[in-house]
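>>> fold the following for me, if possible:
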Amino acid sequence: MKMASTKEVSLFLSEAGALKQVKRAWFLAGVENPESVAEHIQRSMLIGYALAEMEGVDAKHVTLMLLFHDLPETRLGDLNKIQQRYLDKKSAEMRVAKEQAARMPAGMAGDYLKLFTEFEEQKSKPAIVAKDAELLECAFQALEYRNGASPHIQEWVARCRQSLKTESAKKLLQEAETAKIPWWDGLKVPLR
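Presented below is the predicted three-dimensional model:
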């Protein structure tokens with residue numbers, strides 16, 4: 001792979017920043033102001049790191065895979081399952097990934113394409129853990145939306161639960177679903 005110019009790398013980094021503006025496809029569930037793809041990636045990486053540790057998998061490998069997994073959405077958006085029924089998502093994402101890689105430093109481009117493909121193929125333990133992390137992030141977000149009164153959100157949680165592969169991910173989702181208190185419970189400064 002040829003070395004990208006400084007201009008090409010700058011263009012890639014600007015494009016990656018667009019993920020802060022790309023909203024996730026929660027409109028089907030009636031969510032009016034969903035999180036961005038960048039926000040989804042950030043928490044997926046944190047969940048991936050924790051899940052990798054729990055599953056005895058290389059956490060850095062998993063988090064890098066999650067860093068890259070949704071980069072094509074800068075150009076395609078967050079395609080929901082209905083849109084995916086009519087489009088060849090894998091082919092389109094790979095085309096975008098190859099074009100994006102041409103704007104990256106050579107080593108980064110190689111890692112991106114390798115990790116993106118590994119994530120998509122779901123044949124390695126790190127890829128399975130990374131996918132479970134992404135699904136868990138989606139389920140956690142759905143639970144947060146549900147707790148905020150979005151009425152059709154439970155389907156998202158159920159779909160994520162059905163797709164989880166690792167026991168650690170299944171246990172984490174079960175804990176999240178049964179939690180009745182907010183994460184900040186007990187952390188507030190007492191009133192005087």
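
>>> tally of neighbours for the closest residue in space to Leu79 that isn't next to it in sequence?
Distances taken as CB to CB, 6 or more residues apart in numbering place Lys89 nearest to Leu79, at 5.7 Å, with adjacent residues excluded. Where C-beta positions appear, they are placed from N, C-alpha and C, glycine not excepted. Using other CB atoms under 10 Å, Lys89 has 16 neighbouring residues.

>>> and Gly56, by the same measure?
Residues contacting Gly56 under the criterion other CB under 10 Å number 10.

>>> quick one: it from Glu121, how far?
Distance check for Gly56 against Glu121: by CB to CB, to the nearest Å, it reads 21 Å.

>>> repeat that for Ala52.
Shown here: Ala52 relative to Glu121, a distance of 18 Å by CB to CB.

>>> same question, Thr74
22 Å.

>>> more neighbours: which of the two?
Under the criterion of other CB under 10 Å, the comparison of Thr74 against Glu121 puts Thr74 first, with 20 against 10.

>>> doesn't Ser14 make contact with the more buried one?
No. At 9.7 Å, Thr74 does not count as touching Ser14 under the criterion of CB atoms under 8 Å.

>>> can I get the helix or strand hosting Val96 as PDB, trimmed to CA atoms?
Here Val96 sits within helix 89-101, counting by DSSP states H and E. Included here for helix 89-101 are C-alpha records, laid out as PDB according to Å, rounded to 0.1, in the frame of the first residue of the first chain:
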ATOM      1  CA  LYS A  89     -24.200  -3.600   3.300                       C
ATOM      2  CA  LYS A  90     -21.000  -5.800   3.500                       C
ATOM      3  CA  SER A  91     -20.000  -5.000   0.000                       C
ATOM      4  CA  ALA A  92     -20.700  -1.300   0.300                       C
ATOM      5  CA  GLU A  93     -18.800  -1.100   3.600                       C
ATOM      6  CA  MET A  94     -15.800  -2.900   2.200                       C
ATOM      7  CA  ARG A  95     -15.700  -0.500  -0.800                       C
ATOM      8  CA  VAL A  96     -15.800   2.500   1.600                       C
ATOM      9  CA  ALA A  97     -13.100   0.900   3.900                       C
ATOM     10  CA  LYS A  98     -10.700   0.400   0.900                       C
ATOM     11  CA  GLU A  99     -11.200   4.000  -0.200                       C
ATOM     12  CA  GLN A 100     -10.700   5.300   3.400                       C
ATOM     13  CA  ALA A 101      -7.600   3.100   3.800                       C
END
